[in-house]
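1. sequence and computational prediction follow.
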Amino acid sequence: MTSQTELEALKQLFPSMDKSVIAALVTQCGGNKEEAVKRGKLMVEDERKDEERRTQRKIDELTSSFPTADVETIKRILAENNNDVDAAIESLFAVMHQQQKEQAQAKKNEESKAHQQNLARMFGGIPLVKIQQVLEECEGDVQDAAEQLLRITAEMEEKAKAAKQQQQRKENAQALIEQENEKREKERKLILESLLQHFSENLYITEPDVQQALKDTNWNTTTASQKLLTISNERKVDHLARVYSKTCTREEIRKVLQECGWGPVSAMKKLNIIQAERTSDQDENDAPQSSSSSSSSTTTTTTEPSTPSPAITTTATTTEPPTPSPEEAAEILSQSLQISKTTLKNINEMIEQQRKDDLKIIVDQLDQLRPALGPNSDLSTPAVTPTQNPTPVPVAESTHIPEEPLRKTLPVDADIKASALQLDTSSNIKLTTSVKRCEIGEDIKVTWNNKTPPTTSDWIAMSKVGARGDSYITYQYIGKTDKTEGSLVFKAPNDFLKYEFRYFGEGSYNLKATSEEVSVGPLIELSAKYVKASEQEGKDAVIEVSFQQKAGRLYPDAWIGMYSNSESDNSGYRTFKYIKDSVDNKLSFPAYKTGQWEFRYFPTRYTDVSRCKVQVEGEDVIVLSMGEGVVKAQCDITSVDPATDSVWIGLYFVGQEDQTQWRRYKQIVAGSGVVTFKVMKTPGVYEARVFAHRKYVVVAKSQNTITIT
């Protein structure tokens, strides 16, 4: 009989066998342990082979059921489930489903990568990350992604264009500033040269004096002349005071200079006589009373002293010259006005000569170009054809438009601010005009009437109604006269505006009188009426504009422009029509969107003479429908203008608060019409939302929703 110890040893050798089987095996071998071990090994080997065959049959069974699964995966899953086929089948289903998902995702990624590469080639200006984001937002739909990328490209180009325009505007503004500065410097140079020429014979005034005087008076020739004359007079007094300091006071010298018209030579002759008289009197007083012969000798030897001629110094003093007397101030003012008038005349002559020289250069250049362009060339016609509506710049052939007068230097700077000017109610001056309305270039006779004659420095200015006191179109001096009534003739400016004439006294901004308003241009009555679509058979809503000319010249190329209510620039019209295209003095304009619109009547160019406003009413209507794989949005948009407001419509999940999470979108190019989308792939309830001005602010929503299952 086999001992317990021997059985334990055989159990360790054959761990897969039960002890009872091992004991029976030893009994069969007659207790021969070696034989038992040998037979046991054969039994284990047979059992292993049987297990392998059973496992292979299970593998074959699973392979036939899952032909796409690899054998190693089946073996692994079968082993993980203890060779339980049913359990392995469930695991394999899960594994295969996951593999399919991974394969589908890999394929999708490959396709997305290919789409990204194609779109990247098409839209090279957009970053690859942005293209990938757009593809994801469009659920891989290349067409939708391309549409959105086109919109993004257009926005980028528009921003780049806007930035370029902004930069161009800055450069143009800088160029204008430089031109103005250059023009100002040229004008100042002309003023300086003219004043230097005028004071060239005045030994008491130097070029630095003229420069400083112009700088101190903001280059006002009249005021600068006053200052220079005051300085010159004071230096003459200083000069003669040093020469005649022992015999004459400064006040006496000033009085003599004033009597001699501030001529130093004449004044010195007169002062020599005074000096000789006073010297003779002094000698007589100092001589001894008892010596008559000595006195007689002194009297006979006294001669007129020679005219002194000390060196003239023009060094500027550190203190301001004393305030001149009223008589001296009046004389200085009269002289300065004459100097200013002469200076302006010289400047205008220089400017006119410069214009002629510039015109000659341009004509010579055109003459050089004509042979190359051919005999039928028109150098006045632009070579570029405008891509937008032609800008109306109508000009009546019979209208004479004079050149706008050059702005002249103000007569005199006043002590009070121009904005604080008030009419002198104590004045008896009356100012009347020959007409209340006229055309461009026509004469306007301005008549003044007063109880006393005017001063030579009284002046009349033509100004726009409402303009500042120091703002004017042109002006004229009354001139020297002993009459209490007179008139001046002005030319009507080339702007269709309202003007008035202002009478200023004594070369100052002392406002004595104003005239009634004078209107330049025709008198037009303008009205507009909104006509709803319901009031017309099969037609859209329109705005009818009526006009009636009450007075003035007829302008064959007059036109009416349509503007948004907030548009201040007359060149920023939405559309326009010529008067010659009207029927019964009426023109019809599209009602682009709700809100207030303004219409402006232009005889020529961009200055209007009449305006009117009209209110356009309406509401947005959007209705959704679905069929044949598409979603349709029937739109009637009135609150925004698709042509100018960048209007677009998007499909959203109902309740989606993030306006950037649209599922489909398209631009709206017309206020009324149908917009078509492809049906969304994701189930849900959808609505339409309309946006404008490139902002995510909802303008309108659809009246209904659609459901995709």
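-> Received the coordinates, thanks. Computed from a predicted model, the values in this text were never measured in an experiment. Residues are numbered from 1 along each chain as shown.
2. when you work out contacts or count neighbours from here on, use the C-alpha atoms and nothing else.
-> OK.
3. report how many residues lie close to the nearest residue to residue 257 once chain neighbours are set aside.
-> Using C-alpha to C-alpha, 6 or more residues apart in numbering and skipping the chain neighbours, the partner closest in space to residue 257 is residue 267 (5.4 Å). Neighbour count of residue 267, defined by other C-alpha atoms under 10 Å: 21.
4. quick check, residue 267 in contact with residue 260.
-> Yes. Between residue 267 and residue 260 there is a contact under C-alpha atoms under 8 Å: 5.8 Å.
5. same for the helix or strand hosting the residue nearest to residue 257, what does it pack against?
-> Element membership for residue 267, per DSSP states H and E: helix 264-286. On a contact count with 3 or more C-alpha pairs under 8 Å, 6 or more residues apart in numbering; DSSP states H and E, helix 264-286 meets helix 250-259.
6. picking up where we left off before, quick check: mean pLDDT of the helix holding residue 267?
-> The pLDDT scores in helix 264-286 average 78.
7. gap between that helix and the chain center?
-> Mean-position distance between helix 264-286 and its chain equals 74 Å (C-alpha atoms, centre = their mean, to the nearest Å).
8. just the buried residues of that helix, please?
-> For helix 264-286, the buried set under the neighbour-count rule, 16 or more other C-alpha atoms under 10 Å, comprises 264, 267, 268, 270, 271, 272, 275, 276, 279, 280.
9. who is the closest residue to residue 517 other than its chain neighbours paired with across the strands?
-> Leaving out its chain neighbours, the residue that sits closest to residue 517 by C-alpha to C-alpha, 6+ apart is residue 500, at 4.9 Å. Beta-bridge partners of residue 500, counted by DSSP bridges, are residue 463.
10. for residue 500, what are its contacts?
-> 462, 463, 464, 465, 514, 515, 516, 517, 518 (C-alpha atoms under 8 Å, 6 or more residues apart in numbering).
11. of those, closest to residue 122?
-> residue 464 (57.8 Å; C-alpha to C-alpha).
12. what sits against that closest one?
-> Residue 464 neighbours (C-alpha under 8 Å, 6+ apart): 472, 473, 497, 498, 499, 500.
13. residue 522 touches residue 558, doesn't it?
-> No. Using C-alpha under 8 Å, residue 522 is not in contact with residue 558, being 10.8 Å away.
14. what is in contact with the two at once?
-> Shared contacts of residue 522 and residue 558 (C-alpha under 8 Å, 6+ apart): residue 603.
15. residue 120: which element?
-> Assigned by DSSP H and E, residue 120 belongs to helix 85-122.
16. any buried residues in that helix, and which?
-> Neighbour counts over helix 85-122 (16+ other C-alpha under 10 Å) mark 85, 88, 89, 91, 92, 112, 115, 116, 117, 119, 120 as buried.
17. how about stretch 660-677?
-> Going by neighbour count (16+ other C-alpha under 10 Å), the buried part of stretch 660-677 is 662, 663, 664, 665, 666, 667, 668, 670, 671, 672, 675, 677.
18. could you point out which element follows the biggest helix by length in the chain?
-> The residue-count maximum for a helix in the chain (DSSP state H) belongs to helix 142-198. Next along the chain after helix 142-198, taking DSSP H and E as the criterion, comes helix 207-216.
19. render the CA-only coordinates of that next one in CSV, please.
-> Below are the C-alpha coordinates for helix 207-216, written out as CSV (Å, rounded to 0.1, in the frame of the first residue of the first chain):
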residue,chain,number,x,y,z
GLU,A,207,14.2,142.0,-40.1
PRO,A,208,14.1,140.4,-36.7
ASP,A,209,11.7,143.1,-35.6
VAL,A,210,9.4,142.3,-38.5
GLN,A,211,9.6,138.5,-37.8
GLN,A,212,8.9,139.0,-34.1
ALA,A,213,6.0,141.3,-34.7
LEU,A,214,4.3,138.9,-37.1
LYS,A,215,4.9,136.0,-34.7
ASP,A,216,3.4,138.0,-31.8
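20. other SSEs contacting whatever helix or strand comes next after it?
-> Later in the chain than helix 207-216, the nearest helix or strand by DSSP H and E is helix 221-243. The contact analysis (3+ C-alpha pairs under 8 Å, 6+ apart) places helix 221-243 against helix 207-216, helix 250-259, helix 326-373.
21. what is the helix or strand following the last one packed up against?
-> Spelled out, that is helix 326-373. Where DSSP H and E defines the elements, the next helix or strand beyond helix 326-373 is strand 430-433. If contacts are counted by 3+ C-alpha pairs under 8 Å, 6+ apart, strand 430-433 sits against strand 443-449, strand 510-514.
22. out of the ones you listed, indicate the one that is most buried.
-> Highest mean neighbour count of these: strand 510-514, a mean of 20 (counted as mean count of other C-alpha atoms under 10 Å).
23. tell me the angle it makes with strand 443-449.
-> 110 degrees (axes from the mean of the first three to the mean of the last three C-alpha atoms, to 10 degrees).
24. show residues contacting stretch 642-660.
-> For stretch 642-660, contacts defined as C-alpha under 8 Å, 6+ apart pick out 640-641, 661-671, 684-694, 696-697.
25. buried stuff in it?
-> Buried residues in stretch 642-660, defined by neighbour count with 16+ other C-alpha under 10 Å: 642, 646, 647, 648, 649, 650, 651, 652, 653.
26. state the mean pLDDT of that stretch.
-> Here the average pLDDT along stretch 642-660 is 90.
27. so what's the gap between it and the chain middle?
-> 29 Å.
28. from here on, count from 24
-> Will do, 24 is the new start, and the previous item becomes stretch 665-683.
29. start and end of it, how far apart?
-> Chord length of stretch 665-683, first to last residue, is 20 Å (C-alpha to C-alpha, to the nearest Å).
30. who are the contact partners of residue 620?
-> Here residue 620 is in contact with 585, 586, 587, 588, 636, 637, 638, 639 (C-alpha under 8 Å, 6+ apart).
31. let me see the backbone angles for it.
-> Note on residue 620: its backbone torsions stand at phi -120, psi 150 [degrees, to the nearest 10].
32. any stretches of the stretch 224-373 of the chain with poor pLDDT?
-> Within the stretch 224-373 of the chain, the ranges that satisfy pLDDT under 70 run 304-354, 356-357, 359-360, 363-364, 367, 371.
33. same thing but at 50, please
-> 312-342 (pLDDT under 50).
34. now swap in the chain and tell me
-> 24, 312-342, 393-443.
35. can you show me the strands along the stretch 624-732 of the chain?
-> Per DSSP state E, counting those that start in this stretch, the stretch 624-732 of the chain carries strands over the ranges 633-639, 644-650, 653-659, 671-676, 687-690, 695-701, 707-714, 721-724, 729-731.
36. can I get those strands in JSON lines with distance to residue 127?
-> Compiled in JSON lines, the strands of the stretch 624-732 of the chain are given as follows (distance: least, C-alpha to C-alpha, whole Å):
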{"stretch": "strand 633-639", "distance to residue 127": "56"}
{"stretch": "strand 644-650", "distance to residue 127": "30"}
{"stretch": "strand 653-659", "distance to residue 127": "27"}
{"stretch": "strand 671-676", "distance to residue 127": "27"}
{"stretch": "strand 687-690", "distance to residue 127": "24"}
{"stretch": "strand 695-701", "distance to residue 127": "23"}
{"stretch": "strand 707-714", "distance to residue 127": "24"}
{"stretch": "strand 721-724", "distance to residue 127": "38"}
{"stretch": "strand 729-731", "distance to residue 127": "24"}
